[in-house]
Each structure stands twice: as structure tokens, then as C-alpha cells.
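Asks: Structure, please.
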Amino acid sequence: MGLGVAPQAEAATWKKHHQTVQSGTMTSCQGRLSHAVRQRSAEGARIGSISQCRSVPGGYRASLDLHVPVRSSL
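Replies: Residues are numbered from 1 along each chain as shown. A predicted model of the protein is given here:
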């Protein structure tokens, strides 16, 4: 019995995205950032860099860079 590779109907390519979260308090900003990371990871995204919550006019802001799989037929 030889080794073989099962044929795949789809191949994943990756598209880079940038997501920002903003809130009025540091605690809320951290919660939103944590939720965004968990949600995107569950969707199959690869999380890249994460910028922690920082003070901006009107509240706090954080961001994350991620790569999202884009499915395409072979």
C-alpha cells in the first residue's frame, strides 16, 4: 500500500486584515480586544500583532492584525 495524498477540493489563501476596537474605559477596551481575538481565532484566522489598549481622545483604542483564510476552488 503506497502513501497517497487525498485530493482537496479547496485550498486556503490568506488575506491580511486590520481590526480596531474602541471603548470608553480601559477595562471595556481590554474585554473587547480579548473577545475579538477569541472570535477571530474561532473563525480560523491567524492572529498576528496586537496593539494593547491605549488612551485616545474619547476613550481607549486597541488593534490587531490578522490573516483570514479565503477559500478558492482548485
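Asks: C-alpha only now, for contacts and for neighbours.
Replies: Will do.
Asks: Which positions in the helix or strand harbouring Lys15 come out as buried?
Replies: Lys15 is part of strand 10-23 when elements are defined by DSSP states H and E. Buried residues in strand 10-23, counted by 16 or more other Cα atoms under 10 Å: 21-23.
Asks: Packing partners of whichever strand or helix holds Arg54?
Replies: Assigned by DSSP H and E, Arg54 falls within strand 46-56. Where contact means 3 or more Cα pairs under 8 Å, 6 or more residues apart in numbering; DSSP states H and E, strand 46-56 is packed against helix 26-42, strand 59-73.
Asks: how many other residues sit next to Glu43?
Replies: By other Cα atoms under 10 Å, the residues close to Glu43 number 11.
Asks: What pLDDT is listed against the nearest residue to Arg46 once chain neighbours are set aside?
Replies: Spatial nearest neighbour of Arg46, chain neighbours left out: His67 (5.1 Å); criterion: Cα to Cα, 6 or more residues apart in numbering. Turning to His67, the model gives it a pLDDT of 95.
Asks: so what's His67 up against?
Replies: By Cα atoms under 8 Å, 6 or more residues apart in numbering, the contact list for His67 reads 14-17, 45-48.
Asks: Same question for Tyr60.
Replies: By Cα under 8 Å, 6+ apart, the contact set of Tyr60 is 22-26, 29, 53-54.
Asks: gap between it and Cys29?
Replies: Using Cα to Cα, to the nearest Å, we find Tyr60 at a distance of 6 Å from Cys29.
Asks: Same check on Gln39?
Replies: Using Cα to Cα, Gln39 is found at 15 Å from Cys29.
Asks: quick one on the thing from earlier: got a list of contacts for the strand holding Arg54?
Replies: With Cα under 8 Å, 6+ apart, strand 46-56 has contacts from 26, 29-30, 37, 40-41, 60-68.
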